[in-house]
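J.: The amino acid sequence is not available; the structure is as follows:
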């Protein structure tokens, strides 16, 4: 598990630290204080590819198809990652933890590295000023070993980068706005059934929604999709057609069950879930994280979700990390506490 994390010059963070991460880590705060950016920073450091920047833009509803000279596209792609848009200061995200959960990422521009400029950019130029884009570098470090630097380039309308080695653990990000991947769900579900393991999520879904008899993989338009066998219906239905909330819950639980010692990042975990099932969902997330030795970081705006988390963990409140984020004189600040403090604050009405 990750025990400590430090973020410098990433998005809204000039400098932010987590001193004692737990099994379940929940982040709260007003809109725009950087809750999602905290998850994105951890995901970036855990992942092996600059392509994550494009995914982040897509999850936030920004365009991911660009036109124009390469140096302008490069600015659009990378500038938002830097605190106060200052691309002269490098980004650093690092975390320390158990076994292989010691990893860091630096993102910086290297003026000494040759940069690739497309002929289109040169032909469109009407100025004698230098228009060659500076080369951005992504430098991951795993434990004490610096991995080969990754230097993505914009060539025409193509995004090119070197192959990168995978991280020694899996990180999964569930955006509050982006649909859950049916292909990933099918892959995880299928991997377990092939090994003659019945995914626990099937039992959970049947208990929460008694009208669902069973889950299975069926073809839909030639592609495999998880379907539910529903009582009284003449044929099975794709999970996504029944409820986005059920689909979200299945996606999260499958990711936990399939990825041993992984990291699960969930933005606005309460979205799509009725408050009446918050407690059961939290119990299953906590159980799944313990059994898989996984770790969860999630944001929420829901008081009901916080109370359900405390109730679900029972006597294991020390396994909860609680982070309240706020802006102070234009700087994002993280106030850190444990589950015992969270429970006390909920009782006194001091947490929202």
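T.: Great, that's in hand. These figures come from a predicted structure and were not determined experimentally.
J.: so where do the helices sit in the stretch 51-200 of the chain?
T.: 52-59, 70-78, 119-124, 182-194, 200-208 (DSSP state H, counting those that start in this stretch).
J.: Could you export those as TSV, including mean pLDDT, distance to residue 296 and mean neighbour count?
T.: Where you see a C-beta, it was placed from the backbone N, CA and C, and this is true even at glycine. TSV is the format used below for those (pLDDT from 0 to 100; distance: least, CB to CB, whole Å; neighbours: other CB atoms under 10 Å):
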stretch	mean pLDDT	distance to residue 296	mean neighbour count
helix 52-59	87	18	18
helix 70-78	77	29	18
helix 119-124	51	44	12
helix 182-194	92	16	16
helix 200-208	91	16	17
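J.: what ranges do the strands span in the stretch 201-350 of the chain?
T.: 212-220, 223-230, 237-238, 263-266, 295-299, 320-328, 331-338 (DSSP state E, counting those that start in this stretch).
J.: among these, which is nearest residue 48?
T.: Of all the strands of the stretch 201-350 of the chain, it is strand 263-266 that lies closest to residue 48, at 13.6 Å by CB to CB.
J.: Give the other helices and strands that that closest one contacts.
T.: On a contact count with 3 or more CB pairs under 8 Å, 6 or more residues apart in numbering; DSSP states H and E, strand 263-266 meets helix 35-46, strand 171-174, helix 244-258, strand 295-299.
J.: want to throw the ones you listed into CSV with distance to residue 192 and mean neighbour count?
T.: Below are these laid out as CSV (distance: least, CB to CB, whole Å; neighbours: other CB atoms under 10 Å):
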stretch, distance to residue 192, mean neighbour count
helix 35-46, 23, 25
strand 171-174, 16, 22
helix 244-258, 7, 22
strand 295-299, 20, 25
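J.: So what touches stretch 200-220?
T.: Applying CB atoms under 8 Å, 6 or more residues apart in numbering, the external contacts of stretch 200-220 come out as 186, 189-190, 193, 199, 224-232, 236, 238-239, 246, 249-250, 253-254, 257, 277, 280, 284, 288.
J.: cutoff 6 Å now
T.: 186, 224, 226-231, 236, 238, 250, 253-254, 277, 284 (CB atoms under 6 Å, 6 or more residues apart in numbering).
J.: go on, stretch 21-39?
T.: With contact meaning CB under 6 Å, 6+ apart, stretch 21-39 is reached by 2-3, 11-12, 265, 267, 289, 296-299, 319-327, 332.
J.: What subset of those is buried?
T.: Neighbour-count burial (16 or more other CB atoms under 10 Å) applied to the contacts of stretch 21-39 gives 2-3, 11-12, 265, 267, 289, 296-299, 319-325, 332.
J.: Could you dump the strands of the stretch 201-350 of the chain into CSV and include distance to residue 146 and mean pLDDT?
T.: Listed next are the strands of the stretch 201-350 of the chain as CSV, based on distance: least, CB to CB, whole Å; pLDDT from 0 to 100:
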stretch, distance to residue 146, mean pLDDT
strand 212-220, 42, 94
strand 223-230, 40, 95
strand 237-238, 45, 94
strand 263-266, 22, 96
strand 295-299, 25, 97
strand 320-328, 29, 95
strand 331-338, 28, 94
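J.: Out of those strands, flag the one nearest residue 111.
T.: Going by CB to CB, the one of those nearest residue 111 is strand 331-338, 28.8 Å.
J.: Pull out the buried positions in that closest one.
T.: In strand 331-338, counting by 16+ other CB under 10 Å, buried: 332, 334, 337.
J.: Could you list everything the closest residue in space to the last one that isn't next to it in sequence pairs with in the sheet?
T.: Which is residue 337. Closest residue in space to residue 337, ignoring its immediate chain neighbours: residue 322 at 4.6 Å, by CB to CB, 6 or more residues apart in numbering. Assessed by DSSP bridges, residue 322 has beta-bridge partners residue 26, residue 337.
J.: Does residue 322 touch residue 342 like I think?
T.: Yes. Counting by CB atoms under 6 Å, residue 322 touches residue 342, with 4.2 Å between them.
J.: right, and the helices and strands packed on strand 263-266 - which one's nearest residue 149?
T.: Of the helices and strands packed on strand 263-266, nearest to residue 149 by CB to CB is helix 35-46, at 15.0 Å.
J.: what's the angle between that closest one and strand 295-299?
T.: 150 degrees (axes from the mean of the first three to the mean of the last three CA atoms, to 10 degrees).
J.: okay, the angle between helix 35-46 and strand 320-328?
T.: 120 degrees.
J.: Now do the contacts for the residue nearest in space to the middle of the chain.
T.: Nearest to the geometric centre of the chain sits residue 173, at 2.6 Å (CA atoms, centre = their mean). Residue 173 makes contact with 43, 265, according to CB under 6 Å, 6+ apart.
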